[in-house]
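Build the 3D model from these lines:
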Amino acid sequence: MKATWNGTVIAESDKTIIVENNHYFPPESVKANLLQDSETHTTCPWKGLAHYKDIVSDGEVNSDAAWYYPEPREAAERLGIKNYLAFWNGVEVSE
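Numbers count the residues shown, from 1 in each chain. Modelled structure (predicted):
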């Protein structure tokens with residue numbers, strides 16, 4: 001799977017984990033230099049507290065376009081998504 005935004009590949013992996021129709025990418029498959037921390041957090045009732053990152057590419061910023069769970073709740077941790085990143089807000093995820 002590949003995550004692309006603004007013509008730039010953000011992540012690529014054949015080991016994503018699908019949860020609620022979202023592909024979660026292993027941290028090592030994500031180009032960390034294209035991400036910056038966001039102050040945004042949301043809570044999922046069964047996955048826990050989500051942390052967000054902005055994507056920065058070619059001088060443009062896609063705010064809160066990536067999220068991850070550094071300390072997922074037990075049910076989500078069993079799925080193996082701890083620190084895996086998922087994308088939205090215009091990021092295309094394709095094979």
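
quick one: the residue of the chain positioned farthest from its centre and Leu34, what's the gap?
Relative to the centre of the chain, and counting by Cα atoms, centre = their mean, the farthest-placed residue is Gly59 at 20.0 Å. Remark: distance between Gly59 and Leu34 (Cβ to Cβ, to the nearest Å) = 12 Å. In this view, the C-beta of every residue, glycine as well, is placed from N, C-alpha and C.

likewise Lys15?
19 Å.

which one of those two has more residues nearby?
Taking other Cβ atoms under 10 Å, Lys15 and Leu34 do not tie; Leu34 has more neighbours (20 against 12).

how about the strands in the chain?
2-5, 8-12, 17-19, 22-24, 35-44, 48-57, 60-68, 85-87, 92-94 (DSSP state E).

And these: which comes nearest Glu77?
strand 48-57 (8.5 Å; Cβ to Cβ).

partners of that closest one, with directions?
Looking at strand 48-57 with DSSP bridges, its partner strands are strand 35-44 (antiparallel), strand 60-68 (antiparallel).

Run the chain-centre distance for the first one.
Read that as strand 35-44. Taking Cα atoms, centre = their mean, to the nearest Å, one finds strand 35-44 lying 10 Å from the centre of the chain it belongs to.

any chance of the strands paired with strand 48-57 in a markdown table, plus mean pLDDT and mean neighbour count?
Listed next are the strands paired with strand 48-57 as a markdown table, based on pLDDT from 0 to 100; neighbours: other Cβ atoms under 10 Å:
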| stretch | mean pLDDT | mean neighbour count |
| --- | --- | --- |
| strand 35-44 | 98 | 12 |
| strand 60-68 | 98 | 18 |
